[in-house]
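Q: return a 3D structure for these sequence lines:
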Amino acid sequence: MERIIHMVHRTPLKQSKTLNAFTGAEISLKMENLQRTGSFKLRGAMNKVMSLKEEEAERGIIAASAGNHAQGVALAASLRNIPSKIFMPKRTPSTKVAATRHYGAEIILEGETYQEAYLAAEEERLIAGSTYVHAFDDPKVMAGQGTVALEMLQQCSNLEVLVVPVGGGGLLAGMALAVKSFNPHVKIIGVQALGAPATYNRFRGKASNCGDHVHSIADGILVKEPGKLTFPIIEKYVDDMVTVTDEEISYGIMFMLQREKTLVEGAGAASLAAVLCGKLKVQGKKVGCVISGGNADPSKISIYKDLSSMVKRLHYIG
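A: This next block holds a predicted model:
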C-alpha cells in the first residue's frame with residue numbers, strides 16, 4: 001500500500017438513505033469510479049509498474065485490457081517514462097480507447113474479447129521481449145487491488161459483507177486476501193455477469209470455459225476464463241458468488257444515475273445490481289459494495305434505461 005498511496009486517490013465510502021431504505025440494510029458504496037482514470041484498475045497497474053526493475057522497464061511495457069487496466073497501465077508507464085503498447089478488443093468503448101491513448105500508450109485493437117486481445121499481446125511480447133503487465137493474474141496487481149478492501153475497512157470498521165465485481169478475479173482475489181488477513185469473519189461475495197460466467201461456473205463446480213461466446217454490457221468483466229493465479233485464492237477465501245443479468249446491471253446503472261447523480265459503467269454497477277435485485281440476503285447487515293468504475297459510454301444511456309425497465313421490481317425497489 002505504501003508504494004502507491006501517494007499515486008492513487010483514497011476514494012469515498014458513502015451511504016445513500018434511499019438505498020438503505022430499499023434494501024433494509026446499511027449499504028456503503030466504495031466509489032472507485034472517482035479513482036484516477038475512473039477505475040480501481042489503476043491501483044494494481046500502478047503497484048506493478050512502480051515495482052519493475054530498471055532492466056524490465058527498459059524493455060517497454062505490453063498489456064491487454066478491456067479498457068480500464070489499459071488506462072492504469074498507460075498512466076503508470078508515463079509516470080516512469082516507459083513506452084507502453086496495449087492490445088484492446090475491437091468492441092472496447094471509444095471513450096476508453098481515447099483515454100488510454102491520451103495517457104501516451106500505443107493502442108492495438110485486436111479481437112472481439114479480452115481473451116483474443118490477450119493472445120495477440122502475448123504473441124507480440126514474445127517477438128519484442130517487452131515486459132508484460134497482466135490485467136489480473138499477477139501478485140503485485142492483486143496486491144494493488146487489495147488496497148480497496150483495506151481502505152473500506154479503515155473507513156467503516158464494522159462492515160460485515162463486501163460485494164465485489166469479478167471478471168478475471170484480480171480485484172476479488174486481492175480484496176479477499178486483504179480482508180481475510182485482518183478479519184476472517186467478513187464475508188466476501190463475488191458478482192459476475194451472467195453472459196460471461198467463467199469464474200462463477202468454476203466456483204460452483206461447473207465447466208468454467210465459456211466457449212467462443214461471451215456477451216454483456218459490463219465490458220470491464222467480460223472475460224472467457226478465470227485467472228490461473230486468482231482462482232485458487234477465490235476458491236479458498238471467497239464465501240459465495242452470484243451472477244447478474246444485463247437487465248439487472250442496467251437497473252444498477254440507472255439507480256446510480258437517477259438517485260446518486262453518478263454515471264457508472266456496467267462492471268461498476270454489478271455489485272449494486274446484486275444487492276438491489278435480491279441476489280443476496282442483506283437485510284439488517286452492514287454491506288460494502290465496490291462501484292469499480294465509471295468509464296461508461298453516455299450514448300448508451302437509452303439502452304440501459306430500456307434494459308432496466310425489464311427488471312421485475314422487488315417489493316423493496318422503488
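Q: can I see the domain layout of this structure?
A: According to automatic domain parsing, the chain comprises the domains 13-38+138-308, 41-132.
Q: the longest helix along the chain packs against which elements?
A: Ranked by residue count and defined by DSSP state H, the top helix of the chain is helix 139-155. Here helix 139-155 touches strand 13-15, strand 26-31, helix 41-51, helix 170-182, strand 286-291, going by 3 or more CB pairs under 8 Å, 6 or more residues apart in numbering; DSSP states H and E. Every residue, glycine included, has its C-beta placed from N, CA and C.
Q: try 6 Å this time
A: helix 41-51, helix 170-182 (3 or more CB pairs under 6 Å, 6 or more residues apart in numbering; DSSP states H and E).
Q: state the mean pLDDT of the helix or strand that comes right after the longest one.
A: Beyond helix 170-182 on the C-terminal side, the first helix or strand identified by DSSP states H and E is strand 187-193. The predicted model gives strand 187-193 an average pLDDT of 97.
Q: export the next helix or strand after strand 187-193 as CSV, just CAs?
A: Following strand 187-193 in sequence order, the next helix or strand is helix 198-203 (DSSP H and E). Taking C-alpha atoms only, helix 198-203 is exported to CSV below (Å, rounded to 0.1, in the frame of the first residue of the first chain):
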residue,chain,number,x,y,z
ALA,A,198,-16.4,-18.4,-16.2
THR,A,199,-15.2,-17.7,-12.7
TYR,A,200,-18.7,-18.2,-11.2
ASN,A,201,-19.1,-21.5,-13.1
ARG,A,202,-15.8,-22.9,-11.8
PHE,A,203,-16.5,-21.7,-8.3
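Q: put together TSV for the helices and strands packed on helix 139-155, with distance to residue 307 on each row.
A: Formatted as TSV, those follow (distance: least, CB to CB, whole Å):
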stretch	distance to residue 307
helix 41-51	25
helix 170-182	24
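Q: with distance to residue 304, mean neighbour count and mean pLDDT added, can I get the ones you listed in TSV?
A: Converted to TSV, the helices and strands packed on helix 139-155 look like this (distance: least, CB to CB, whole Å; neighbours: other CB atoms under 10 Å; pLDDT from 0 to 100):
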stretch	distance to residue 304	mean neighbour count	mean pLDDT
helix 41-51	22	27	97
helix 170-182	22	25	96
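Q: buried stuff in the longest helix of the chain?
A: Across helix 139-155, burial judged by 16 or more other CB atoms under 10 Å covers 139-153, 155.
Q: what's the closest of the helices and strands packed on helix 139-155 to residue 221?
A: Evaluated over the helices and strands packed on helix 139-155, closeness to residue 221 peaks at helix 170-182, with 9.3 Å, by CB to CB.
Q: off-centre distance for the closest one?
A: Put simply, helix 170-182 sits 14 Å off its chain's centre (CA atoms, centre = their mean, to the nearest Å).
Q: by how many degrees do that helix and strand 187-193 diverge?
A: Interaxial angle of helix 170-182 relative to strand 187-193 (axes from the mean of the first three to the mean of the last three CA atoms, to 10 degrees): 170 degrees.
Q: output helix 170-182 in PDB with nothing but the alpha carbons.
A: Provided in PDB are the C-alpha atoms of helix 170-182 (Å, rounded to 0.1, in the frame of the first residue of the first chain):
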ATOM      1  CA  GLY A 170      -7.800  -9.700  -9.600                       C
ATOM      2  CA  LEU A 171     -10.000  -7.400  -7.600                       C
ATOM      3  CA  LEU A 172     -11.900 -10.200  -5.900                       C
ATOM      4  CA  ALA A 173      -8.800 -12.200  -5.100                       C
ATOM      5  CA  GLY A 174      -6.800  -9.200  -3.900                       C
ATOM      6  CA  MET A 175      -9.600  -8.000  -1.600                       C
ATOM      7  CA  ALA A 176     -10.300 -11.400  -0.300                       C
ATOM      8  CA  LEU A 177      -6.700 -11.900   0.700                       C
ATOM      9  CA  ALA A 178      -6.500  -8.500   2.400                       C
ATOM     10  CA  VAL A 179      -9.800  -8.800   4.200                       C
ATOM     11  CA  LYS A 180      -9.400 -12.400   5.500                       C
ATOM     12  CA  SER A 181      -5.900 -11.400   6.800                       C
ATOM     13  CA  PHE A 182      -7.400  -8.700   9.000                       C
END
